[in-house]
Structures are given as structure tokens and as C-alpha cells.
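S.K.: Quick one, structure for this:
(2 chains)
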Amino acid sequence: MKRNCYAHFFSLIIALLLGTAQQAAGQRTQIRGFVDVVSYYQNGKLNFGLGEQDLFITSEITQRLSFLGETVFKYSFDSPTSFNISVERIILKYNYAGNHSVLIGKHHTPINYWNDTYHHGRVFFPTVERPLLFAQGFIPLHTTGVSLQGQNLGRLRFGYDAMLGNGLGSGDIEDNNPFKSLTLAAHVKPTNGLRIGASYYHDVISKGSTIHNHYGGTSTVAPGRISQDILTGSIVYNDSVFHKKFEVLAESSMAMNRSDSLGTQRAIASYAYAGLRVTDKIIPYVRVDDIQYGSKEVYFMDNNTRSYVGGVRYEISYLAVVKLEYQHTKSHMNNISDNIIFQIAVGF
Amino acid sequence: MNYVYRFAFKVFLLSIYFQLPARSQDISLSVITSGKSAPSEMKLAQLKATMRGERLRWPDGSKVIIALLKTTTPIGTNTSRKIYNMSANELNKYWLALVFQGKADAPNFFNSEAELEEFVSQTNGAIGVVNHPSASNKVILIDGQRSL
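M.R.: Next comes the predicted model:
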């Protein structure tokens, strides 16, 4: 019975591929890229630094099947060449009906708006860097797996993502335990420029798992089995009010990490961004980040952090943006940090 | 001396006059398609949603393929303003972001109406915006009108 089921499944896949192969002549492939360089003043000295070089490829293989790949080249202290190559996204998308698609590959987890929208294209970022909840490793950035996606459905332009994937501690070629991560996300866009979304993430992290997905703010090795649930809410507004274009983006995630020894520990990470387009090209902005951990946290480091960002963005064109920003950060484990940073981000 | 003031005032008025057409140049737009995939009539709101990439398939299941003139052309600029309610720069950013998110395929951009017309006539499911529609494609009525 089981073998029969697999045979039907593979027959369906082969039929789909054969059906689409006839249309392969119409393939359209585009290669784009993004890069940024920064200069920053910190601790009494001026520094220059390279950001990321992001190579982005899309290909319409057939009228229903498409490919998206994103590869980042970035500085790495550990690498013998000083640079690492990181495959950020490899997605095969099959649009099976209307605005409904099935996607397989390595995704940016659709857990919040920023992670699902801006990715590594810093020319799109409203601020120089991502909110702190990314740097602190609060949310799972990537998931390798399969997902169902719907977009712009009905009058409210409802959208959904349902994703099953390798969980935290896994690599991109296999899962390290029998548990799969589950991401359920939904949003509505009732008017142009307004998007309201919510998501739920669940995973079980095995004892001893190495958390590859995070580079700061979390323990690198899980000390015990941890069951993690993350609830996220977000609101985005980007449109005209009295002929002035306002940009508002606020997101908050609550992570509940449950272990046998310490029970459930809650942590909350939030940020709010606001910008005002005073001219066609100039946008002053502010952002506030706040992360609060439970005192007996088992998965995250107890590093309560608050940050204030103020800056101005000058959009030379849609492919070139410069930003000048001041950031004040106060955290439980580190000294107070004041940073002035200048960034040029381009697309090509 | 009065002659100098009068002359300067006339130059000022003329400069305003010659600036106006460049700023408010209004080109009528027609929406074209080929084949039977796209409907023969749409409401303006439906057209805007379709052109924003919010609709991936026509009712017969064929793919919606958007054809636009480049935003550096007067027709492209008018398309940005009238259909997208965006500047040319905003439109380019909108599409680059949407493609980067993997939510839609990029429109096909053309330098001339003739190139766009030919593409639409040869592509099932294509929908495009031109100023002077040719006989090779059918015009979609928008709110009952042939042009915007």
C-alpha cells in the first residue's frame, strides 16, 4: 500500500515535469545583485568596512515553475580567504492554481515581515542594519523544507504560508532529529500600503544540537531538549497621509522555550520603525528595539537589550541609497555602545 | 527701466508656460491583450490589481504576463502615475522588491510601442499598456472606456 502510494506520487511528479518541459523554450533568467559598503565611527576611531555582496538569480522555467536563488559573499574571520559564501535561498516554486503555490528548498522563514521581505538586499532596508532581534538570533532566519503559499486572496488580499522544514540545529541536507519545524503565517492587506500579519512557529531542539542558524544571543549548543514556540505580530504602513508619505513598521515576537528542568521561559523581542518621506528622495527615520529575556532562560542568553536608532536615508534612485545613522545600544552583558554609521547600498 | 522689468516678467511667464507641458503632459493609455485569456472588459480596480502583480492567473488558467514601456518613456511615466499611482522610481523599486521576495515575476519592459505590441500579440496571457493600439491586439475596455 505504501509502495503504491509512493509510485503514484512519483508518477505525478514525472507527469508535471514532462508537462512543463514542453514550455521550457520560454525560459527567462535574470541575474541581479546587491552590495553595500559602510564607514562607521566607534570608540574614538573611524573605520571602513565591506558589507555583503548578494547575488540574486530568478528564472521562469515554465509558466508554472520558477527558480529563485540568493547567494551571499561576506567577510568571515574564520575563513582562510577572509570571505565566506553562504547560500541564503534556493527555492523552486510551482504555481499550481490561481494565487496558490507550493515551494520547496531553502527559504527565509516567513515568520515576520522583515525576514520575508528584505532578505539581504540592503538597498531595500529602511535602516542600515536589521533590527536587533535578528542579530540576537531570536527568530529562525532560514528553513529548508516545503511550504504552501497563497497571496492576494479576496477583497482583504489575504495571504498565507504553511511551512514544514528541518528544525533548528539541522543542516541544509538533512534534519538532525525526527521533529520538523512548523511555521504558520497569515496576513491581510485591506488597503494599499497597509499590511497586518501574524505567525506561529514551533520546533523541538534536541539536546546537544549546534545552533548554526544563530550567530549571537543564543547558546551555541542546546543544553537539553527544548520545545520552542514563537508567536509574532506585525503591522506595516507605507502610504500617503495628507500628501506626506509615512513609513511605519512594528513587529513583536514572543518566544516560549520549554525544557524539562526549567519549565517554560518567555522572552519578548520587539522593534518599531517610523520614517517620513519629506521629499521624493529624503527620508528621516527612527527605530527602537527592545529585547527582554526570562531570568532562567535555557535557550537564549540573558542579554536584555534596548537600542535607539535615528538617521536619514537619501534615495538617489531605486538602485542606490545612502544612509547616515546614529545608534545607541544598552545591553545587560555589554557596555553601552554609541555608533555613527554611513552606508552606501546599491543594486546592479 | 520699465522696459527691462516688462521683458523680465514676460520671460518669467514664458518659462512657466514652457515648463507646464513637461510636467503635466497627459497621454491617453489603452490596455491591450491578445487571445482569449484576458477578459474583454475590466474595472479600473481590477486592472490596477492585475498590473500590480496581485493576480497570477487568468480565469482560463494561463499566466498573467505584464508588458510595460520603460519608465524612461513618456508612456511609461504616464503608466506609473495613472495605473500604479507611483513615480517612475517607485515603480521600478516596487517591482524589484516584489521579484526579490519571490512573490511575482518581473514585467517585460520595452523601449517602443511597436516592440510591446509585437510581444503581446505573440504571447498568450500578455497584457500591456500603449498609447496607440494597433489592430494586431484587442483593446480591453476599462470601466467601459477604450482609453484611460
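
S.K.: For residue 107, which residues are in contact?
M.R.: Went with chain A since none was named. Shown in contact with A:H107 (C-beta atoms under 8 Å, 6 or more residues apart in numbering or on different chains): A:R89, A:I91, A:H142, A:T143, A:T144, A:G145, A:S147, A:M163, A:G165. To be clear about C-beta, it is placed using only N, CA and C from the backbone, and glycine gets the same treatment.

S.K.: right idea, wrong chain: chain B
M.R.: Going by C-beta under 8 Å, 6+ apart, B:P107 touches B:G53, B:I66, B:A67, B:L68, B:W95.

S.K.: Need the residues you listed in JSON lines (columns: neighbour count, pLDDT and secondary structure).
M.R.: Shown next, in JSON lines, are the contacts of B:P107 (neighbours: other C-beta atoms under 10 Å in any protein chain shown; pLDDT from 0 to 100; DSSP: H, G, I helix; E, B strand; the rest coil):
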{"residue": "B:G53", "neighbour count": "20", "pLDDT": "95", "secondary structure": "coil"}
{"residue": "B:I66", "neighbour count": "21", "pLDDT": "96", "secondary structure": "strand"}
{"residue": "B:A67", "neighbour count": "22", "pLDDT": "96", "secondary structure": "strand"}
{"residue": "B:L68", "neighbour count": "25", "pLDDT": "96", "secondary structure": "strand"}
{"residue": "B:W95", "neighbour count": "22", "pLDDT": "94", "secondary structure": "helix"}
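
S.K.: can you narrow these to ones near chain A?
M.R.: Among the contacts of B:P107, no residue lies close to chain A (C-beta under 8 Å from any C-beta of the partner chain).

S.K.: can you pull out the helices in the chain?
M.R.: In the absence of a named chain, this looks at chain A. A:2-21, A:113-117, A:132-135 (DSSP state H).

S.K.: Chain B was what I was after
M.R.: Secondary structure of chain B (DSSP H): helices located at B:2-24, B:44-51, B:74-83, B:88-100, B:113-122.

S.K.: between the contacts of A:H107, which is nearest A:V35?
M.R.: Of all those, A:V35 sits closest to A:R89, with 17.1 Å by C-beta to C-beta.

S.K.: Can you report how many residues neighbour that closest one?
M.R.: Per other C-beta atoms under 10 Å in any protein chain shown, the neighbour tally for A:R89 reads 20.

S.K.: That one against A:G121, yeah?
M.R.: No - the criterion here is C-beta atoms under 8 Å, and A:R89 misses it with A:G121 at 11.4 Å.

S.K.: before we move on, back to that, out of the contacts of A:H107, give me the one that has the most neighbours.
M.R.: Result: A:T143 is most packed of the contacts of A:H107 (other C-beta under 10 Å), 29 neighbours.

S.K.: Does that one touch A:M163 like I think?
M.R.: Yes - in this structure, A:T143 is within contact of A:M163 by C-beta under 8 Å, at 5.9 Å.

S.K.: Between those two, which contacts overlap?
M.R.: A:H107, A:T109, A:S181, A:T183.

S.K.: now those residues in JSON lines, with distance to A:L324?
M.R.: As requested, the shared contacts of A:T143 and A:M163 are exported to JSON lines (distance: C-beta to C-beta, whole Å):
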{"residue": "A:H107", "distance to A:L324": "33"}
{"residue": "A:T109", "distance to A:L324": "31"}
{"residue": "A:S181", "distance to A:L324": "38"}
{"residue": "A:T183", "distance to A:L324": "36"}
